[in-house]
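K.L.:
mind folding the following:
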Amino acid sequence: MSMATPPALRIEVRDVEPATPAVAPALCFRLDVRADAPVQALTLATQIRIDAAARGYDGQAPHRLKELFGPPEEWGRNLSSLLWTQTVTHVPAFDGSTTTPVTVACTYDFDVAAAKYLHGLPDGEVPLRFLFTGTVFYLDDGRLQAACLPWDTEADFRMPVTVWKDLMDRHFPDTAWIRLERGTFDRLYEHRVRHTLPGWDDAVRSLLETGGG
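P.N.:
I've put the predicted structure just below:
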């Protein structure tokens, strides 16, 4: 008796919107999943990468992204793909097609390359590449079988950068976050107390003005 072949899957990214409800910033990508045979369940691991070389850069963008990729004249060899996030989604049984959400937590930590890149883009679209791995479960003559997704299961999506910026403005209106070493923070705190500065913005601003920043 020959065994049935696993369902062939095709996955596309339909759209993206802010995840709701969410106490922390997160985006919800909706995936359209199509199969040529009934699927009992799907465990889907998704790696999302920023395909930085798949768009152009002008205006202030090269200057703002210099910390990530170096001087623009070196971007021919430095402009690389960036890992944004990895997540796992469990998709229930479906026959033919289904739509499943993939929720991505977003950080405003500027030690994270993806956050630095998204903040640095003034406008336009973010070229994303979704790489999928996982396990598809299906029935073969009444018996539950499992098969790995083909290694080349992937999808491209171009996300308007305003989606990420609007999300951050909603959670952190007119603010940004930086992380300091404890020793640096103690020195900044001492500077603020010594000069009777009312807030952290005032402390940093006074140092920038003193240093010509």
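
K.L.:
from here on, contacts and neighbour counts on C-alpha atoms
P.N.:
Noted.

K.L.:
give me every residue that touches the most centrally placed residue in the chain.
P.N.:
Residue closest to the mean C-alpha point of the chain, counted by CA atoms, centre = their mean, is W84 at 4.1 Å. Contacts for W84 were tallied using CA atoms under 8 Å, 6 or more residues apart in numbering; they are 47-50, 114.

K.L.:
where's it, which helix or strand?
P.N.:
When elements are defined using DSSP states H and E, W84 is found to belong to strand 82-91.

K.L.:
the spatially closest residue to L82 that is not a sequence neighbour pairs with what?
P.N.:
If the residues on either side of it in the chain are set aside, L82 comes closest to I50, at 5.0 Å by CA to CA, 6 or more residues apart in numbering. In this structure, I50 has the following beta-bridge partners (DSSP bridges): L82, L128.

K.L.:
helix, strand or coil for Y57?
P.N.:
What DSSP: H, G, I helix; E, B strand; the rest coil gives for Y57 is coil.

K.L.:
how much space separates it from P122?
P.N.:
The span separating Y57 from P122 equals 10 Å under the rule CA to CA, to the nearest Å.

K.L.:
low-scoring stretches of this protein, by residue?
P.N.:
The model of the chain has pLDDT under 70 over residues 1-3, 212-213.
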